[in-house]
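Peer 1: attaching a predicted model along with its sequence, questions to come.
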Amino acid sequence: MNKWTKLDNAAIVFPSLAKAKNSTIYRVSAVLKETVLPVRLQQALDITVKRYPMMTMRIHKGLFWRYMEYDDEPLRVKREDDYPCHPLQDRMTMEALLKVFYYQRRISVEVFHAITDGSGAMEFLKTLVYEYLRLLGKAVEPEDKI
């Protein structure tokens, strides 16, 4: 697998649109029946990103254009303690473009629009929740939907 990749046409647009007033971050969430266990959620995230390695990319500025590069830094789940869809910092390379939060019974995934659309984010969330429930020993059938 290449360490870096060029941005597609949509991904070229979103970094230039990302400002404090126009974050281009969106969120998908799932509410469970029980309180989320952060250690298990982290384990599920570690498994899930192996299936979706593009979600670990960061955007860098090249000499003539921006490009995406895989990040070796593992993603970390965080307890939600701020308002949702917080905009990226000015320097996009300083933070992950996908974030996973938990709060009580809710698991949320926030995504910078340049790395995937809503359908891709939903697939990532479904896989994350499936792996989380599987690690808890719950009997969950993917039914060819994950």
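Peer 2: Structure received.
Peer 1: next up, the contacts around the residue sitting nearest the centre point of the chain.
Peer 2: Taking C-alpha atoms, centre = their mean, the centroid of the chain lies closest to Leu98, which sits 2.9 Å from it. The contact partners of Leu98, by C-beta atoms under 8 Å, 6 or more residues apart in numbering, come to 55-56, 75, 109-112, 115, 124. Where C-beta positions appear, they are placed from N, C-alpha and C, glycine not excepted.
Peer 1: how about it, phi and psi?
Peer 2: phi -130, psi 130 (degrees, to the nearest 10).
Peer 1: could you do Leu133 as well?
Peer 2: The phi/psi pair for Leu133 (degrees, to the nearest 10) reads phi -60, psi -40.
Peer 1: look up the closest residue to it, ignoring the ones flanking it.
Peer 2: Val140 (4.7 Å; C-beta to C-beta, 6 or more residues apart in numbering).
Peer 1: mind pulling up the pLDDT for the residue nearest to the centre of the chain?
Peer 2: We have a pLDDT of 89 for Leu98.
Peer 1: and Met57, backbone torsions?
Peer 2: Backbone dihedrals for Met57, given as degrees, to the nearest 10, come out at phi -80, psi 160.
Peer 1: how close does the residue nearest to it when sequence neighbours are not counted get to Arg58?
Peer 2: The shortest distance from Met57 to any non-neighbouring residue, by C-beta to C-beta, 6+ apart, is to Met68 (4.2 Å). Distance, Met68 to Arg58, by C-beta to C-beta, to the nearest Å: 7 Å.
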